[in-house]
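Enquirer: turn this into a structure:
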Amino acid sequence: MTKLDLIEALAAKEKLTEKQATDIINQIMKGFTDSLKKGDKIEIRGFGSFTVREYESYKGRNPKTGKKIEVRQKKLPFFKVGKELKGLVDTKKGS
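Expert: Numbering: from 1, shown residues only. Model (predicted):
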């Protein structure tokens, strides 16, 4: 599902214009992004949670040239799937 698919589904289900649905989805995405930038955790019960993980700098290698490089310290978003979603997706439950 793409962002556009989500917008179209929201507009159809709630009888909104595509502009209204776009504004809602964009506001949600902005809220998620702003929270993660601040280092906050996002938890959606039954779906999963988003956190930010910090990685220390390390010595890496450019795969194209083979030259050693210093990879800077960074923060990346991380998603952990919720138990309920895991169960809904696993269609082989009970096998």
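
Enquirer: which residues of this protein fall in helices?
Expert: Using DSSP state H, the helices of the chain run over 3-14, 18-37, 83-89.

Enquirer: distance to E70 and mean neighbour count added to those helices, as CSV?
Expert: Where C-beta positions appear, they are placed from N, C-alpha and C, glycine not excepted. Below are these laid out as CSV (distance: least, C-beta to C-beta, whole Å; neighbours: other C-beta atoms under 10 Å):
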stretch, distance to E70, mean neighbour count
helix 3-14, 35, 13
helix 18-37, 24, 13
helix 83-89, 38, 11
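
Enquirer: any chance of the ones you listed in TSV, plus mean pLDDT and distance to G66?
Expert: Putting those into TSV (pLDDT from 0 to 100; distance: least, C-beta to C-beta, whole Å) gives the following:
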stretch	mean pLDDT	distance to G66
helix 3-14	97	38
helix 18-37	97	34
helix 83-89	93	40
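
Enquirer: which among those helices is found nearest to K75?
Expert: Closest to K75 of the helices of the chain is helix 18-37 (C-beta to C-beta; 8.7 Å).

Enquirer: just want the angle from that closest one to helix 3-14.
Expert: Helix 18-37 and helix 3-14 are oriented at 120 degrees to each other (axes from the mean of the first three to the mean of the last three C-alpha atoms, to 10 degrees).

Enquirer: can you pull the contacts of the residue nearest to I44 when sequence neighbours are not counted?
Expert: The shortest distance from I44 to any residue other than its chain neighbours is 7.4 Å, reached at G82 (C-beta to C-beta, 6 or more residues apart in numbering). By C-beta atoms under 8 Å, 6 or more residues apart in numbering, the residues touching G82 are I44, R45, G46, F47, G48, S49.
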